[in-house]
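1. let me see the structure of the following:
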Amino acid sequence: MYLIRGALSNNMLGIGVFLYGSKDAFQIEIIPTCLFHSGRREDRPIFRNATLVKSIPALALVNTLVVSICAGAEETALDTRVGQFLESRRDQWQSWNIPWSDGRVLHDLIVENNFQRALEIGTSTGHSSIWIAWALSKTGGRLVTIEIDEGRHRQALANFKEAGVAPYIDARLGDAHELVYQLEGPFDFVFSDADKRWYKRYMEVLLPKLDVGGCFTAHNVRHLGFDGMQAFLDYAYAQPNLATTIDESSGAGLSISCKKR
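-> Residues are numbered from 1 along each chain as shown. Modelled structure (predicted):
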């Protein structure tokens, strides 16, 4: 007996093929390259059969298994990276960023409703954006986020890259007062955390661009002393096609207005 060991890269399937055996008999191991290159070589091969892999149906089966396994491996790696990043800065977010608990509420709302087209007004340095983008990485979505301050915008970009969520974010530097009119939509999730006097106007402009079943969320709504906050809430509650609630776990107040029709 002797060992024949080779690795064949197949870009379509994303697999490594390993051959073991002798002149008379051999065995094929198929291992997703995402596992091999990630250091998870200890994982058992997903497919072992020298005859089945010669058929097209079997190759289709292998491809399905590879896509499923590699997607899970990448998601786990991103979850770990984002979780570690957020935990390492848990008590350091300032400059108008939301608290950890509110970030978790936004994340869970997106995942539970499978939202995919998100808009954020007021990036700041990116804490809420990272929570939102992390959720969108699980639903196959993408976030457009707007920030008017160049310094905060630059810091947010660096944070997105370090957290690993940059591919899920379209970060725009500009004035939301102008940009919200230019956005085509549609969106199924909106988070407003910018100038409070414009909350009502943001909702007026974006409500027609919000999908039925989508949600418009806003931060700091318990602070009724902010100019324009009461007018915003009155407007949200008065809309017949919106169901508006305030999340009780949020100290600052997080309103959630979901479009019924």
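2. next, the contact list for residue 198, please.
-> By Cβ atoms under 8 Å, 6 or more residues apart in numbering, the contact set of residue 198 is 176-177, 228. The C-beta positions use only the backbone N, C-alpha and C, and glycine is treated the same way.
3. oh, I was asking about residue 224
-> Counting by Cβ under 8 Å, 6+ apart, the residues that residue 224 touches are 230, 233.
4. quick one: what helix or strand has residue 213 in it?
-> Residue 213 is part of strand 210-219 when elements are defined by DSSP states H and E.
5. hey, which helix or strand in this structure has the poorest pLDDT?
-> Using mean pLDDT, DSSP states H and E, the weakest-scoring helix or strand in the chain turns out to be strand 8-10, at a mean of 39.
6. where does this protein dip in pLDDT?
-> The chain contains residues with pLDDT under 70 at 1-75, 93-96.
7. who's the residue lying closest to residue 145 once chain neighbours are set aside bridged to?
-> Here the nearest residue to residue 145 in space, its sequence neighbours aside, is residue 120; by Cβ to Cβ, 6 or more residues apart in numbering that works out to 4.0 Å. Per DSSP bridges, the residues bridged to residue 120 are residue 145, residue 191.
8. which parts of the strand holding residue 213 are buried?
-> Across strand 210-219, burial judged by 16 or more other Cβ atoms under 10 Å covers 210, 214-219.
9. can you list the residue ranges for helices in the stretch 101-250 of the chain?
-> Counting by DSSP state H, counting those that start in this stretch, residue ranges of the helices within the stretch 101-250 of the chain are 127-139, 150-163, 176-182, 199-206, 229-238.
10. from the buried residues of strand 210-219, pick the one nearest residue 258.
-> Using Cβ to Cβ, residue 215 is the member of these that lies nearest residue 258, at 4.4 Å.
11. neighbours of residue 192, just the number please.
-> 25 (other Cβ atoms under 10 Å).
12. that one against residue 219, yeah?
-> Yes: taking contacts as Cβ atoms under 8 Å, residue 192 lies within contact range of residue 219: 7.0 Å.
13. residue contacts, the residue nearest to residue 145?
-> Applying Cβ under 8 Å, 6+ apart, the residues near residue 120 are 128-129, 132, 143-146, 190-193.
14. any chance of those residues in CSV, plus distance to residue 88?
-> Listed next are the contacts of residue 120 as CSV, based on distance: Cβ to Cβ, whole Å:
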residue, distance to residue 88
128, 17
129, 17
132, 19
143, 22
144, 26
145, 21
146, 26
190, 29
191, 23
192, 27
193, 22
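15. if we take the residues you listed, which one ends up nearest to residue 261?
-> Distances from residue 261 to the contacts of residue 120, taken as Cβ to Cβ, are shortest for residue 190 (17.2 Å).
16. which residues touch that closest one?
-> 118-121, 202, 206, 210, 214-217.
17. now, among those, which is nearest to residue 157?
-> Nearest to residue 157 among the contacts of residue 190, with distances taken as Cβ to Cβ, is residue 120, at 14.1 Å.
18. return the residues in contact with residue 121.
-> Shown in contact with residue 121 (Cβ under 8 Å, 6+ apart): 145-146, 176, 180, 190-194, 202.
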